[in-house]
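Quick one: sequence and predicted model below, then my questions.
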Amino acid sequence: INMGSKYVKFRPKVDKESIPKCNIMGVDFAITDMDKFLKFTADNIKDLSGDYICFSNVHTTVMAFENERYRMIQNGGIAAAPDGGPISSIGRKRGYKEMGRVAGPTFMEKTFAISEERGFRHFFYGTTQDTLDKMRVRLEKEHPALQIAGMYSPPFRPLTDEEDEEIIRMINEGHPDFIWVGLGAPKQEIWMARHRGRVEGLMAGVGAAFDFYAGNTKRAPLWMQEHNLEWFYRLMQNPRKLVRRYVTTNAKFILHAFLLGK
């Protein structure tokens, strides 16, 4: 994983050491649940500007376990939220009864719901222009008072330094509170780490959330989400792409997290 070379010194205003954590396979997961994490981000949003959140699941945890640089990125932001049900299940098994699932797509939508009242501004970075357009239509219908600071679909190639600086300028001119990053793992986490302290707003890597919200991909029924079966639903939707990933990463996670206690 190439983390890139452009990093700036960043002194966060919120002490990340104050957030209780549970280490699973090298990733320091926040011991929290959806309601607590929503309150934490909303109450501290100005002080969290320039930092980032990773929503980490089994796949990204295994990647971090096997790649030190990616592990540094996962642990480098203000928090790694337990996105996957198996992650929070491991946390509870280890004695952290208050650890619940904080799924990125759900967190994003719940943040929309409270933003109209609290005046939070949102920037969307990633995916395709068609998907962003669909998201805007739904947002304007369901959250007409939501403040959209901007949307941008980057090209599917490495950016030049000049292009990157222009994107940073575009984001900062919109003065967002939240910057939703939908590039997929590990690309989105690398992007956030490289832009820590360079952009205004709290970055949140939410993966497939853009496609879910735009209606491109159907999300698993709630009962499957609650029983840690969302991965199986996604596998059934796209078996050719996901079968090898899930078989490999799930087996590694069960071995190291459940059986070996790492």
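In hand now; what should we look at? For clarity, every value in this text was computed on a predicted model and none was experimentally measured. Numbers count the residues shown, from 1 in each chain.

hey, let's count contacts and neighbours off CA atoms from now on
Will do.

Am I right that Ala193 is in a helix?
Yes. The assignment for Ala193 by DSSP: H, G, I helix; E, B strand; the rest coil puts it in a helix.

What count of nearby residues applies to the nearest residue to Gly85 once chain neighbours are set aside?
Distance criterion Cα to Cα, 6 or more residues apart in numbering; nearest residue to Gly85, sequence neighbours excluded, is Asn228 at 4.9 Å. For Asn228, the neighbour count with other Cα atoms under 10 Å is 16.

For the protein, give me the ranges with low pLDDT.
Within the chain, the stretches with pLDDT under 70 are 1-8.

give me that answer again for 90
Within the chain, the stretches with pLDDT under 90 are 1-13, 15-18, 84, 156, 207, 217-248, 250, 258.

Just give me the residue right at the centre of it.
Gly205 (2.9 Å; Cα atoms, centre = their mean).

Let me see the backbone angles for that residue.
For Gly205, the backbone dihedrals (degrees, to the nearest 10) come out as phi -80, psi 110.

repeat for Phe65
Per-residue torsions, Phe65: phi -60, psi -30 (degrees, to the nearest 10).

helix/strand/coil for the residue nearest to Arg92 when sequence neighbours are not counted?
Nearest residue to Arg92, sequence neighbours excluded (Cα to Cα, 6+ apart): Met99, at 6.0 Å. Under three-state DSSP, the three-state class of Met99 is coil.

And Asp28, by the same measure?
Using three-state DSSP, the three-state assignment for Asp28 comes out as strand.

picking that back up, ok, the residue nearest to Gly85 touching Gly84?
Yes. Using Cα atoms under 8 Å, Asn228 is in contact with Gly84, at 7.5 Å.

Quick one: the helices in the protein, in order.
34-43, 58-66, 68-74, 85-93, 104-118, 129-142, 161-173, 187-194, 209-214, 222-226, 230-237, 239-253 (DSSP state H).

could you dump these to CSV with mean neighbour count and distance to Val27?
Shown next, in CSV, are those (neighbours: other Cα atoms under 10 Å; distance: least, Cα to Cα, whole Å):
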stretch, mean neighbour count, distance to Val27
helix 34-43, 15, 18
helix 58-66, 21, 7
helix 68-74, 20, 7
helix 85-93, 20, 10
helix 104-118, 17, 17
helix 129-142, 15, 31
helix 161-173, 14, 28
helix 187-194, 22, 13
helix 209-214, 21, 22
helix 222-226, 13, 22
helix 230-237, 16, 20
helix 239-253, 14, 12
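
Let me have these in TSV, extended by distance to Lys262.
Below are the helices of the chain laid out as TSV (distance: least, Cα to Cα, whole Å):
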stretch	distance to Lys262
helix 34-43	24
helix 58-66	10
helix 68-74	14
helix 85-93	10
helix 104-118	24
helix 129-142	38
helix 161-173	38
helix 187-194	23
helix 209-214	29
helix 222-226	24
helix 230-237	22
helix 239-253	9
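
if we compare those helices, which one ends up closest to Met151?
Met151 lies closest, by Cα to Cα, to one member of these: helix 129-142, at 6.9 Å.

Counting by contacts, list what that closest one packs against.
Where contact means 3 or more Cα pairs under 8 Å, 6 or more residues apart in numbering; DSSP states H and E, helix 129-142 is packed against strand 147-152, helix 209-214.
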